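Novice: my questions concern the predicted model and sequence given below.
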Amino acid sequence: MDILYSLFIEPLTKMYFLKALAGGSIVAVVCAVAGCLVILQRMAFLGDALSHAMIAGVGAGYLFMKIFFGVEAAAGAMLVGSLISAFITVFMIGFVAKVSRIKEDASIGIMYTGVFAVGVVLVSVFGKYIHIDLMHFIMGDILGISDFDMIVSSVVSAAVLTVIILFFRYFKITSFDPVMAASIGIPVLFFKYIFTGCVSLIVVSAVSMVGVILVVGLLITPAATAYLLTDRLEKMMFLAAFFGFTSILGGMYLSVWLNSAGGGAVMLFSTIQFLTVLVFAPRYGLLADLLKKRKMVPQQVIEDIVLSMDKSGVPVTPEGIRMYMDVHHKVFVNALNQLQDDGMISVSGGMYSLTDKGITEAVRLKKAHRVWETYLHYMGVPDNELHEKAHVLEHFNDSTAIDYIYGKMGYPETDPHGAEIPVFYADGAFCLTDIYGFSRQQVEVVSIDTEKDIKEGDIIKVTHEDDIWTAEKNGEKIHLTEEEVSGLTVKFL
Amino acid sequence: MENNKEYAIQVRNLTVSYGPKPALLDVSFMIYSGELVGIIGPNGAGKSTLMKAILGFVKRDIGDVYVFGKPVEQTRGMVAYVPQRGTVDWDYPVTVYDVAMMGRYGHIKWWKNASREDHEIVERSLEMVRMSDFRHRQIGQLSGGQQQRVFMARALAQGAKILLLDEPFAGVDAATESAILDVLAEAKKAGITLVVVHHDLATASEYFDKLLLVKQRLYAAGPPSLVFRQELLTEVYEGRLKVFTDLIKA
Ligand SMILES: Nc1ncnc2c1ncn2[C@@H]1O[C@H](COP(=O)(O)OP(=O)(O)O)[C@@H](O)[C@H]1O
Ligand SMILES: [Mg+2]
């Protein structure tokens, strides 16, 4: 108990801890919410550029107040200075990318390091007058957060959050489809500037807490974590806000326990949180991916089952099929289930048999196999290798490819072993005489050559009894000759 | 010149450029209300740019675009568009319903939420393109044809009188192609003017009342029989003509 108390409760009794928690959370939550739009617009660079550029503004603001008013470290002026330098940087990035052949990413690299450099030189040249702790600026100090910073970040956060909530719809559509947004009269550019302004504000107010280097993390990481978990922007923002808060909370405890720099601990925690979600996210996580792949049954297994059931011709037990397969039991069971879901096999009394659809699939596979064998034979592949090679090729799940090869060989009737090649077309249609056992099912006519009242697109049921072919259409029975049936192709509904 | 109200779209001497070379040069044409028009031309011909100009999205160097007789700037929302597949971020966290609802954004006051009427319109639009069952799907988890239909629903929800589609048939299977054609036919019946960027010359003359042949300039505009002329296609498609000579004969 004592340990738990000193680990979790005791820090909460410290004023500096509570203050950091409150200030940090406010900033982190707003950063995370804005961060969602930042990553969706692939603007991750923006936070980086803005935070680095700030130092020039801070230095200039300090100097300005000192020289003209003799005021030391005027926080307000430094804030305004950093905002101005942030805007200048954003403007310069766009300007250089627009007027020259330099692309935007390079332009960013140039401008933000450039403005950052101005700041560094400024601060070191006027080191005598400017008392800015560069280290503090770079690393931040969440545990030593000042009242002024606290007030500024609260006001800024409230303002930015209000803007985002108020114009949520417009931020969503301008980031998703700016052309459409413009076409219904939404001022795309205006919202882009507003948003850039918002990001500048929160970045500037977050720097004093986590420092220049880590502020991008606060903007991006919680938002990216949320992105892995949801499919709606609204939810993503809520989740991101939550992860922003937990980053601060977890990070603060970490920093107290490890006695480390606050900003570092916060980002460390945030990153671990991201990696955890990356692994365990239910849909977009790595583990889910892996499971999905495990559950997926190789097409080959499915096809082998269909073929072996077709060969046996009578209902069989799963063990009976299993004998001919060399696969893991789990895969086999999954394959059977999938075949059942797809309506290829039916079960009755523990015995499995192919449905009409399954029989058709078997015919399609046989055709594929025989076409490939014939093709390989033409290609001069030795006979003893034919079967094995064709077995690999037949799993191409592309019937137009088969039709193409088939046609190229002049539609041979038999394969090299003398087995008949069934007629089966790319669009899933097949010739009725090749497949039997359809009496129970309706099919759609794909093509027919007859004077009788059956045409393409009709839904019919065909029976073959006592050597008489009968097509039933809307309850009306029509007899077909052997010749008409051989020219009839149909497909399943 | 009179700005005739009969015309859904009038483009006059339009030139648009992104750099030193104009993407569109002095393009003029007119489209009647209720027509189904195809825009054809090779890659990089400026077809998408022309669409954006009709939407008022690109800056015109010179020239005018009128929609129902009014300058395009004053006709916001009258023209809807279905973007080219490649230009959409399919990982964006929005559902089918969200996208369709975007069609209503132009009608909803900025301080208000979507009304019951808006929701009803969205539902109806989704039904029209038979996507109601997928309303909660994230858009990346749909087939190519379904994705097209979502954007069609958005355009319908927008209630636009003119619908622009950028290569809706690219990379979709035959069944989807006919499904999209059905929706187009239905929209046409409802009196909507349709302008479609199309890449397949083999089907162009079958699908459209009128064709615009574009490659930076407008090479021809009119019924397919007028546009499918050997010397024109040779000039526009250069080396790749062989395939088309059969087409012209057919
Ligand atoms: N945003 C852009 N910036 C610069 N150039 C562009 C832009 N969009 C299109 N272009 C150029 O304009 C020309 C026409 O493009 P586009 O309208 O997309 O052609 P199409 O849709 O016919 O393939 C192309 O040369 C293309 O490179
Ligand atoms: Mg294009």
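Specialist: It's in. Numbers count the residues shown, from 1 in each chain, chains lettered A, B, ... in the order given. Ligands and ions are numbered 1, 2, ... in the order given.

Novice: residues in contact with whichever strand or helix holds A:Arg169?
Specialist: In this structure, A:Arg169 sits in helix A:168-176 according to DSSP states H and E. Helix A:168-176 has contacts (Cβ atoms under 8 Å, 6 or more residues apart in numbering or on different chains) with A:37, A:40-41, A:164, A:180-181, A:186, A:188, A:191-192, A:195, A:233-234, B:89, B:92, B:94, B:98-99, B:102, B:105, B:108, B:110. Placement of C-beta: from N, CA and C, glycine included.

Novice: buried stuff in it?
Specialist: A:Arg169, A:Tyr170, A:Phe171, A:Lys172, A:Ile173, A:Thr174, A:Ser175, A:Phe176 (16 or more other Cβ atoms under 10 Å in any protein chain shown).

Novice: follow-up on the earlier one: next step: the contacts of helix A:168-176 restricted to helices.
Specialist: A:37, A:40, A:164, A:180-181, A:188, A:191-192, A:195, A:233-234, B:98-99, B:102 (DSSP state H).

Novice: then stretch B:43-61 to PDB, C-alphas only?
Specialist: Extracted C-alpha coordinates of stretch B:43-61, given in PDB (Å, rounded to 0.1, in the frame of the first residue of the first chain):
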ATOM      1  CA  ASN B  43      -3.200  11.600 -70.700                       C
ATOM      2  CA  GLY B  44      -2.200  15.100 -69.600                       C
ATOM      3  CA  ALA B  45      -4.500  16.600 -72.200                       C
ATOM      4  CA  GLY B  46      -6.100  18.900 -69.600                       C
ATOM      5  CA  LYS B  47      -9.300  17.000 -69.200                       C
ATOM      6  CA  SER B  48      -9.200  17.200 -65.400                       C
ATOM      7  CA  THR B  49      -8.200  20.800 -65.600                       C
ATOM      8  CA  LEU B  50     -11.200  21.600 -67.700                       C
ATOM      9  CA  MET B  51     -13.400  20.000 -65.100                       C
ATOM     10  CA  LYS B  52     -11.800  22.100 -62.400                       C
ATOM     11  CA  ALA B  53     -12.400  25.200 -64.500                       C
ATOM     12  CA  ILE B  54     -16.100  24.400 -64.800                       C
ATOM     13  CA  LEU B  55     -16.100  24.000 -61.000                       C
ATOM     14  CA  GLY B  56     -14.400  27.400 -60.700                       C
ATOM     15  CA  PHE B  57     -11.500  25.800 -58.800                       C
ATOM     16  CA  VAL B  58      -8.600  26.800 -61.000                       C
ATOM     17  CA  LYS B  59      -7.500  30.300 -61.800                       C
ATOM     18  CA  ARG B  60      -8.200  31.200 -65.400                       C
ATOM     19  CA  ASP B  61      -5.600  33.100 -67.300                       C
END
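
Novice: now it: buried residues?
Specialist: In stretch B:43-61, counting by 16+ other Cβ under 10 Å, buried: B:45-58, B:60.

Novice: please list which of these also come close to chain A.
Specialist: Among these, the residues within reach of chain A (Cβ under 8 Å from any Cβ of the partner chain) are B:Lys52, B:Leu55, B:Gly56, B:Phe57.

Novice: what about the first one, which helix or strand?
Specialist: Secondary structure from DSSP H and E places B:Lys52 in helix B:47-55.

Novice: what sits against the residue in chain B sticking out farthest from the centre?
Specialist: Residue farthest from the centre of chain B, counting by Cα atoms, centre = their mean, is B:Trp111 at 30.8 Å. B:Trp111 sits next to A:Leu166 when contact means Cβ under 8 Å, 6+ apart.

Novice: and B:Leu165, helix, strand or coil?
Specialist: strand (DSSP: H, G, I helix; E, B strand; the rest coil).

Novice: please verify my assumption that it contacts B:Tyr81.
Specialist: Yes. If you go by Cβ atoms under 8 Å, B:Leu165 and B:Tyr81 touch, sitting 7.2 Å apart.

Novice: just the pLDDT at B:Leu126, thanks.
Specialist: B:Leu126 is assigned 93 on the pLDDT scale.

Novice: so which elements touch the helix or strand it falls within?
Specialist: Following DSSP H and E, one finds B:Leu126 within helix B:116-128. Here helix B:116-128 touches helix B:96-102, helix B:144-158, going by 3 or more Cβ pairs under 8 Å, 6 or more residues apart in numbering or on different chains; DSSP states H and E.

Novice: angle of that helix against helix B:144-158?
Specialist: Relative orientation of helix B:116-128 and helix B:144-158, computed by axes from the mean of the first three to the mean of the last three Cα atoms, to 10 degrees: 150 degrees.

Novice: need the residues that contact helix B:116-128.
Specialist: By Cβ under 8 Å, 6+ apart, helix B:116-128 touches B:96-97, B:100-101, B:103-104, B:107-108, B:132, B:135, B:153-154, B:156-157, B:159, B:183, B:186.

Novice: among those, which are within reach of chain A?
Specialist: Subset of the contacts of helix B:116-128 in contact with chain A: B:Ile108, B:Arg154, counting by Cβ under 8 Å from any Cβ.

Novice: any quick ChimeraX command for the buried ones out of the contacts of helix B:116-128?
Specialist: Applied in ChimeraX, the following selects the buried portion of the contacts of helix B:116-128 according to 16+ other Cβ under 10 Å:
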select /B:96,97,100,101,103,104,107,132,135,153,154,156,157,159,183
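
Novice: hmm, B:Ile54 and B:Leu164 touching each other?
Specialist: Yes. Using Cβ under 8 Å, B:Leu164 makes contact with B:Ile54 at a distance of 6.2 Å.

Novice: for the residue nearest to A:Thr481 when sequence neighbours are not counted, helix, strand, or coil?
Specialist: The shortest distance from A:Thr481 to any non-neighbouring residue, by Cβ to Cβ, 6 or more residues apart in numbering or on different chains, is to A:Trp469 (7.5 Å). Here A:Trp469 is recorded as strand under three-state DSSP.

Novice: let me see the contact set for A:Trp469.
Specialist: Contacts of A:Trp469 by Cβ under 8 Å, 6+ apart are A:Val462, A:Thr463, A:His479, A:Leu480, A:Thr481, A:Glu482, A:Glu484, A:Val485.

Novice: one more pass at 7 Å, please.
Specialist: A:Val462, A:His479, A:Leu480, A:Val485 (Cβ atoms under 7 Å, 6 or more residues apart in numbering or on different chains).

Novice: which ones among the residues you listed map onto strands?
Specialist: Judged by DSSP state E, these include A:Val462, A:His479, A:Leu480 as members of strands.

Novice: and those residues, which are buried?
Specialist: With neighbours counted using 16+ other Cβ under 10 Å, those contain these buried positions: A:Val462, A:Leu480.

Novice: please name the nearest non-neighbouring residue to the residue nearest the centre of chain A.
Specialist: The centre of chain A sits closest to A:Tyr284, judged by Cα atoms, centre = their mean, with a distance of 6.5 Å. With Cβ to Cβ, 6+ apart as the criterion, A:Tyr284 has its nearest non-adjacent residue at 4.7 Å, and that residue is A:Leu228.

Novice: please point out which parts of stretch B:136-154 sit buried.
Specialist: Applying 16+ other Cβ under 10 Å to stretch B:136-154 flags B:137-139, B:142, B:145-154 as buried.

Novice: again, but for stretch A:469-483
Specialist: Those buried within stretch A:469-483 under the rule 16+ other Cβ under 10 Å are A:Trp469, A:Ala471, A:Lys473, A:Ile478, A:Leu480.
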